[in-house]
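Enquirer: Need coordinates for the below:
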Amino acid sequence: MATKRDYYEILGLKKDAIQKDVKSAYRKMALKYHPDKNKAADAEEKFKEINEAYQVLSDTKKRQAYDQFGHSAFSGAGGGAGGNPFAGGHQQGPFTWSYSSSGQNPFGGADFSDPFKIFETFFGGGFGRKRKPRYSLTIDFMDAVKGASKEVEIDGKKRTIKIPAGANDGTRLSFSEFEVSFNVRNHKRFKREGYDLFVDEIIPFTAAATGGKINVQLIDKSLKLKVRAGTKSHTLVRLRGEGVQHLRRRGRGDMYVRLIVDIPAKLSREQKKLLERLKDSGL
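Expert: Purely as a prediction, here's the structure:
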């Protein structure tokens, strides 16, 4: 699986940076990559990554845990550093909504409860307008990957929310009266990293040794994958263009298949004899 980038590297900091430097670096990076200011295709992902890094490094206890254990300190934690900043709060139908978020204010002065209000202070024009209510909608993994339409009820009115293919945690849609931020559920088979997908496939040790073909289920089709003779366990195979549709441009990410060699725990008497022969032959 792909590893996350180091939080210090994301903010351009050294590990001995003081809190003042952490705040300053976050302010600089967040203003640069804020999606309302930066229209690059990867700006939203970078902005999310920057906020995740700051949520950890700005908190003394979280930073100590990260310095000692790295990203594994937060694996499996509900919400965690990378959780959706808009989740939690009031419940209304399938939505949760709130104007508040945890974390320190890196800009000083007034307490900005909405994480996006900090930018209204530094930018004029549209940033100065009254913020619309922001709702958080939890959606299935495949609906985010493939796109879908969901009928929901907001303030007593039924509305259809069109989920664009390629949506991810934190993807926002703006409507005339409100904004929607998506929370994407995990998938039992696929793992996602940006627009790339990762999947584990267990193969018999005989196939790993002698080679063969296996069926791999992708997002929307099945594919026969060739296994080379002598394949080692945890070998990663890249399938170009079989990942997630890019949200703002053409093309798709890649699919990575990790081949895990299955070593049987129990063998029949005949199987043991065959393996003993192979062992005697020098294999």
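Enquirer: Test my guess that Ile139 contacts Asn186.
Expert: No: contact criterion CB atoms under 8 Å: Ile139 and Asn186 do not qualify, at 11.8 Å. Every residue, glycine included, has its C-beta placed from N, CA and C.
Enquirer: tally of neighbours for the residue nearest to Ser222 when sequence neighbours are not counted?
Expert: Among residues not flanking Ser222 along the chain, Asn215 sits closest, at 5.6 Å (CB to CB, 6 or more residues apart in numbering). Neighbourhood size, Asn215 [other CB atoms under 10 Å]: 9.
Enquirer: where do the helices sit along the stretch 1-150 of the chain?
Expert: Using DSSP state H, counting those that start in this stretch, the helices of the stretch 1-150 of the chain run over residues 7-11, 19-33, 43-57, 60-69, 118-122, 141-146.
Enquirer: so of these, which one's packed in deepest?
Expert: With neighbours defined as mean count of other CB atoms under 10 Å, the helices of the stretch 1-150 of the chain peak in mean count at helix 43-57, which reaches a mean of 21.
Enquirer: helices and strands around it, which ones?
Expert: When contacts are defined as 3 or more CB pairs under 8 Å, 6 or more residues apart in numbering; DSSP states H and E, helix 43-57 packs onto helix 7-11, helix 19-33, helix 60-69.
Enquirer: Restricting to C-alpha, output the first one in CSV.
Expert: Put plainly, it is helix 7-11. What follows is helix 7-11, C-alpha atoms only, in CSV (Å, rounded to 0.1, in the frame of the first residue of the first chain):
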residue,chain,number,x,y,z
TYR,A,7,3.5,15.7,8.1
TYR,A,8,6.6,17.8,8.6
GLU,A,9,7.4,17.5,4.9
ILE,A,10,3.9,18.5,3.9
LEU,A,11,4.2,21.8,5.9
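Enquirer: sorry, back to before: distance to Ala167 and mean pLDDT for the helices of the stretch 1-150 of the chain - can I get that in a markdown table?
Expert: As requested, those are exported to a markdown table (distance: least, CB to CB, whole Å; pLDDT from 0 to 100):
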| stretch | distance to Ala167 | mean pLDDT |
| --- | --- | --- |
| helix 7-11 | 23 | 92 |
| helix 19-33 | 19 | 89 |
| helix 43-57 | 11 | 88 |
| helix 60-69 | 28 | 87 |
| helix 118-122 | 22 | 42 |
| helix 141-146 | 4 | 95 |
